[in-house]
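[1] next comes the sequence, and after it the predicted model I'd like to discuss.
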Amino acid sequence: MSHDIKKFELRSMEGLSDNQVSQHKDILYVGYVNKLNEIEDKLKTADRTKANQIYSEYRGLKADETFALNGVVLHELYFENLGGSGGNPSGQIADLIKRDFGSYEKWLEDFKACGVAVRGWVVLTYSFYDGKLHNYGADAHHFNFPALAWPLLVMDVYEHAYAIDYGVKRPPYIEAFMKNINWDAANKRLDRISRML
């Protein structure tokens, strides 16, 4: 299976320059897709009889496959939930945020704090484990992401997401991200959950 590069029309966003976004989606994201395809091609011929937990070609490819796949998927979710007008959410996502965090303001405080605290990703999820929304943080594509957590809103907080515009200052980038959320994307992801249940 070969993974296709998705196109995202993201221009003229408040606080996120076209150059920053282009470098992120047209170079970095494309690189993840290409490497995922390369890894999956190599797995077709990898010698499984030499698999070893300390080191083997197969072990390395499987670990890198997870990293590359999550790099692709998380970036696609991130770009899909950008390009909106931000502000307070509406629809089912708003109702669930209020139910599980007490208010939009409490959710926002937690989401932003998570964005400052972790090194890679902040993900608002629906948990199939307890039926609630949670903000989770991950330091890398393949670490610290709970099982049974369905991503609803994804924010990339790796430096590559903001360094062109903000240098090493993450909080102003988080504010810019919040101004460009496409809440319709989060509501569509919730709709998919409803169809699965």
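    Sure, I can see it. Numbers count the residues shown, from 1 in each chain.

[2] use CA for all of it now, contacts and neighbours both
    OK.

[3] buried set for the helix of greatest length in the chain?
    Counting by DSSP state H, the longest helix found in the chain is helix 57-80. Going by neighbour count (16 or more other CA atoms under 10 Å), the buried part of helix 57-80 is 58-59, 61, 64-65, 67-72, 74-80.

[4] stretch 93-112 too?
    Within stretch 93-112, judged by 16+ other CA under 10 Å, the buried ones are 93-94, 96-98, 101, 104, 107-108, 111-112.

[5] name the nearest residue to W107, sequence neighbours excluded.
    F101 (5.4 Å; CA to CA, 6 or more residues apart in numbering).

[6] in terms of secondary structure, what does the strand or helix carrying E105 contact?
    Following DSSP states H and E, one finds E105 within helix 104-117. Judged by 3 or more CA pairs under 8 Å, 6 or more residues apart in numbering; DSSP states H and E, helix 104-117 is in contact with helix 92-101, strand 121-127, strand 133-138, helix 170-179.

[7] reformat the ones you listed as CSV; add mean pLDDT.
    Listed next are these as CSV, based on pLDDT from 0 to 100:
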stretch, mean pLDDT
helix 92-101, 98
strand 121-127, 98
strand 133-138, 97
helix 170-179, 98
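
[8] looking at these, which is closest to D47?
    strand 133-138 (31.5 Å; CA to CA).

[9] check the gap between the spatially most central residue of the chain and V33 for me.
    By CA atoms, centre = their mean, the chain has its centre lying nearest to L74, at 3.2 Å. In this structure, L74 and V33 are 12 Å apart, going by CA to CA, to the nearest Å.

[10] okay, and the common contacts of these two?
    Shared contacts of L74 and V33 (CA atoms under 8 Å, 6 or more residues apart in numbering): none.

[11] avg pLDDT for stretch 64-79?
    Stretch 64-79 carries an average pLDDT of 97.

[12] stretch 83-95: how far from the chain's middle?
    17 Å (CA atoms, centre = their mean, to the nearest Å).

[13] how long is it from one end to the other?
    End-to-end for stretch 83-95, by CA to CA: 22 Å.

[14] stretch 138-153 too?
    Stretch 138-153 end-to-end distance (CA to CA) = 14 Å.

[15] just the buried positions in it, please.
    Buried, per 16+ other CA under 10 Å, within stretch 138-153: 138-142, 145, 149-153.

[16] if we look at that stretch, which residues are touching it?
    66-68, 70-71, 74, 77-78, 81, 118-129, 136-137, 185-187, 189-190.
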